[in-house]
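Peer 1: Sequence and computational prediction follow.
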Amino acid sequence: MPRQSNPRAAADPHAVLPPADHPAFDLPRAANAGMRPLQPLDGALLLMHFAFRGLVVKADEFLAGKGLSRVHHRLLYAVARAEGISVGQLVELLGVSKQALHRPLKFLQDEGYLVAQRDPVQHRTKRLSLTERGREVEATASRHEREAMEAAMRSVPASGQAAWTEVMTALARMA
C-alpha cells in the first residue's frame, strides 16, 4: 500500500522526507528485498539508483547488442556534442584519468565509431570526431534515454520538473 504524504514536508518546502515515509521503499525491487532506511536520505539515494537504471535500461540493451557499454556511449555522446574535442578536454569534461579513458576510446577507434586526428597547429593534440557509424549508435542510444526522460517528465507537473532540475543542478555542481 502506498504511504501517505507527510504534512510536515508539505509545510516546509525544504524538509527532507522522514525515512519511513519515503516512496522509494515502496518500489517493488526495494520492497521485495525488504530494504529499510538507515539514514534520512537513504530513500533519495535509492530513488537516484533506480531512476538512473530506468533512464539507461533500453540504451544499455541496445548498446550491449552492439558489443558496447554505457562508458562507450558517454564518450560518443560527449564527442557528438563537442566535435573536435581534444582527448585532454574529454578527460576534463568526464572527470576521468587518461588511463581510464584509453581502453574504451581505443576500442571505439578500432571498431570505427570515432576517429582521432592530430591537430594541425598543436601537433601533440588529438581531435576526436564521430564516424557515421558512431553518429548512428550515439543517436539511437541517446534517443532511448531521451524517451525515458520525456516519459518521466510528462508524468509530473511543471513544478516537479523544476524541483528535479534544481536538485540535479545542485548535485552536478558538486562534481
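Peer 2: Structure's in. What do you need? Numbers count the residues shown, from 1 in each chain.
Peer 1: For the residue of the chain most remote from its centre, pull up the helix or strand it's in.
Peer 2: The centre of the chain is farthest from one residue, residue 121, which by C-alpha atoms, centre = their mean lies 34.3 Å away. Of the helices and strands defined by DSSP states H and E, none includes residue 121.
Peer 1: got a pLDDT number for it?
Peer 2: Per-residue confidence (pLDDT) for residue 121: 89.
Peer 1: Toward the C-terminus from the helix or strand of the chain with the lowest mean pLDDT, list the very next helix or strand.
Peer 2: Lowest by mean pLDDT, DSSP states H and E among the helices and strands of the chain is helix 7-11, with a mean of 50. Remark: after helix 7-11, the chain's next helix or strand is helix 28-32, criterion DSSP H and E.
Peer 1: Would you map the strands across the protein?
Peer 2: 114-118, 126-130 (DSSP state E).
Peer 1: between those strands, which gets nearest to residue 89?
Peer 2: strand 126-130 (8.9 Å; C-beta to C-beta). For glycine as for every other residue, the C-beta is placed from the backbone atoms N, C-alpha and C.
Peer 1: In the closest one, which residues are buried?
Peer 2: For strand 126-130, the neighbour count (16 or more other C-beta atoms under 10 Å) marks 126, 127, 128, 129, 130 as buried.
Peer 1: The closest residue in space to residue 117 that isn't next to it in sequence and residue 134, how far apart?
Peer 2: In space, and not counting its chain neighbours, residue 117 is closest to residue 127: 5.4 Å by C-beta to C-beta, 6 or more residues apart in numbering. Taking C-beta to C-beta, to the nearest Å as the measure, residue 127 falls 14 Å from residue 134.
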